[in-house]
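**Student:** Please find the sequence and the predicted model below.
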Protein chains: 2
Amino acid sequence: MTSVNDDSRVGAAHVGRLLGMALLRIRAEILATTSERFPGLRVSHYRLLELIPPDGARITDLAEIATMTKQGLGQHVDYLQRLGYTTSERLPEDRRVRLVRRTPLGDEALAYSQAAIARVEERWSRQLGPDRYESFRQTLRELGAD
Amino acid sequence: MTSVNDDSRVGAAHVGRLLGMALLRIRAEILATTSERFPGLRVSHYRLLELIPPDGARITDLAEIATMTKQGLGQHVDYLQRLGYTTSERLPEDRRVRLVRRTPLGDEALAYSQAAIARVEERWSRQLGPDRYESFRQTLRELGAD
DNA sequence: CCAGAGAAGTAAAGTCACCTTACTATCGGT
DNA sequence: ACCGATAGTAAGGTGACTTTACTTCTCTGG
């Protein structure tokens, strides 16, 4: 029925495509389990919640470890704050800086997303066997780090 | 100096993050070698050029194999056509359908990007050894396919 | 001690890769 | 000739950013 060549399926895909497909899948699985409990939160927000240490962090530092601009990160922080997942306060010793912290609700959302990720990791580990899965992770680490 | 916890570095990252980093890297490497020769083309355009079979395809079919909407795909097609990488013509036997084809320039761009990808694959294969690399690709295939 | 360099953050607008909703044009069957 | 389905288009929206251009604040050197 489809007039297109079937070569373009999974078998012949290059690494970029394979990586993209796996990434799409894990993102979908995380959202599938979290979106009901925390409706406004998207994957990028969980990523940011993860980056905030327990004693808080400055927007500039968060932007740096997230490798994005202060403005971009600031937008996410504003969003999370509006929904009650983070708070922020100006430091008395330097009133330029805004120290961002997770609220208890933020902690909860983070724990929930981490549990969701852990479940995916566990399932993948069972699917492949722990040895293959660990060596897969190791390879990813080697390729991702310069 | 940085007041953030160093746990959030590469070592402790979860699969989603590892996948994301590897994907970012390969996309950057593809663009690094292609952007000079084909300035307007982005990774998504190479992806689309790849999907067009030699005898052309309809927008609807391309959208389906790319798993996106006809409108989204149509925008990319319009863009590529404006830059001369594709052409399209209405079929005489069904004047609703637009058959999209690559121009010689489109072929050239595609070949160039595929060579860039091949170079990355080769380098990764050398970095890990062919056995580990092939098993890495195999794992990705298993995880990406449902 | 205060001018001005530089850092922290904000505002506004733009970009890219999409999607949704709502069409028009055309086709194939009855 | 009508009618439902199909191919594609138009207009506008969204998410995750970016760039350019500031304000506000702090800290250092003449």
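**Tutor:** Here it is on my side, so go on. Numbers count the residues shown, from 1 in each chain, chains lettered A, B, ... in the order given.
**Student:** got a list of contacts for the lengthiest helix in chain A?
**Tutor:** Secondary structure of chain A read by DSSP state H shows that its longest helix is helix A:104-128. Surrounding helix A:104-128, the residues in contact under the criterion C-beta atoms under 8 Å, 6 or more residues apart in numbering or on different chains are A:26, A:29-30, A:33-34, A:37-38, A:41, A:46, A:49-50, A:52, A:80, A:84-86, A:102, A:133-134, A:136, B:14-16, B:139, B:142-143. All C-beta atoms are positioned from the backbone trio N, CA, C, and that covers glycine.
**Student:** Among the residues you listed, which ones are in strands?
**Tutor:** In strands, judged by DSSP state E, the following of the contacts of helix A:104-128 are found: A:86, A:102.
**Student:** filter the contacts of helix A:104-128 to the buried ones?
**Tutor:** Members of these that pass the buried threshold by neighbour count (16 or more other C-beta atoms under 10 Å in any protein chain shown) are listed as A:26, A:29-30, A:34, A:38, A:41, A:46, A:49-50, A:52, A:80, A:85-86, A:102, A:133, A:136, B:14-16, B:139, B:142-143.
**Student:** Could you list which of these belong to helices?
**Tutor:** When the buried ones among the contacts of helix A:104-128 are checked against helices (DSSP H), the matches are A:26, A:29-30, A:34, A:46, A:49-50, A:80, A:133, A:136, B:15-16, B:139, B:142-143.
**Student:** Return the item of those having minimum pLDDT.
**Tutor:** When those are compared by pLDDT, residue B:143 scores lowest at 87.
**Student:** Could you find the closest non-adjacent residue to that one?
**Tutor:** Using C-beta to C-beta, 6 or more residues apart in numbering or on different chains and skipping residues adjacent in sequence, the residue nearest residue B:143 is residue A:22, 4.8 Å away.
**Student:** Check residue A:49 too.
**Tutor:** If you skip the residues right next to it in sequence, residue A:49 has residue A:110 as its closest partner in space, 4.4 Å away by C-beta to C-beta, 6+ apart.
**Student:** If you tally nearby residues, what's the number for that neighbour?
**Tutor:** Using other C-beta atoms under 10 Å in any protein chain shown as the criterion, residue A:110 is surrounded by 20 other residues.
**Student:** Ok, residue A:118 next?
**Tutor:** Residue A:118: 11 surrounding residues under other C-beta under 10 Å.
**Student:** For DNA strand D, give me its nearest residue in chain A.
**Tutor:** Among the residues of chain A, residue A:72 lies nearest to DNA strand D; the distance is 2.8 Å by C-beta to the nearest atom of the strand.
**Student:** Can you name the helix or strand that the spatially closest residue to that residue that is not a sequence neighbour falls in?
**Tutor:** Nearest residue to residue A:72, sequence neighbours excluded (C-beta to C-beta, 6+ apart): residue A:63, at 7.2 Å. Secondary structure here is read from DSSP states H and E; on that basis residue A:63 sits in helix A:59-65.
**Student:** same for that helix, what does it pack against?
**Tutor:** helix A:43-51, helix A:70-82, strand A:94-102 (3 or more C-beta pairs under 8 Å, 6 or more residues apart in numbering or on different chains; DSSP states H and E).
**Student:** Check residue A:1 and give its pLDDT.
**Tutor:** What the model reports as pLDDT for residue A:1 is 35.
**Student:** Also the one 10 residues further on?
**Tutor:** Predicted confidence (pLDDT) for residue A:11: 55.
**Student:** now do residue A:144
**Tutor:** Per-residue confidence (pLDDT) for residue A:144: 79.
**Student:** how near is it to residue A:67?
**Tutor:** Here residue A:144 is placed at a distance of 12 Å from residue A:67 (C-beta to C-beta, to the nearest Å).
**Student:** okay, the two: which has more neighbours?
**Tutor:** residue A:144 (18 against 9).
**Student:** What sits closest to that one if chain neighbours are left out?
**Tutor:** For residue A:144, the closest residue by C-beta to C-beta, 6+ apart turns out to be residue B:21, at 3.4 Å.
**Student:** looking at it, that neighbour is touching residue A:137, isn't it?
**Tutor:** No - applying C-beta atoms under 8 Å, one finds residue B:21 not in contact with residue A:137, separated by 12.0 Å.
**Student:** Just name the most buried of the helices and strands packed on helix A:59-65.
**Tutor:** Comparing the helices and strands packed on helix A:59-65 by mean neighbour count (mean count of other C-beta atoms under 10 Å in any protein chain shown), helix A:43-51 ranks first with a mean of 19.
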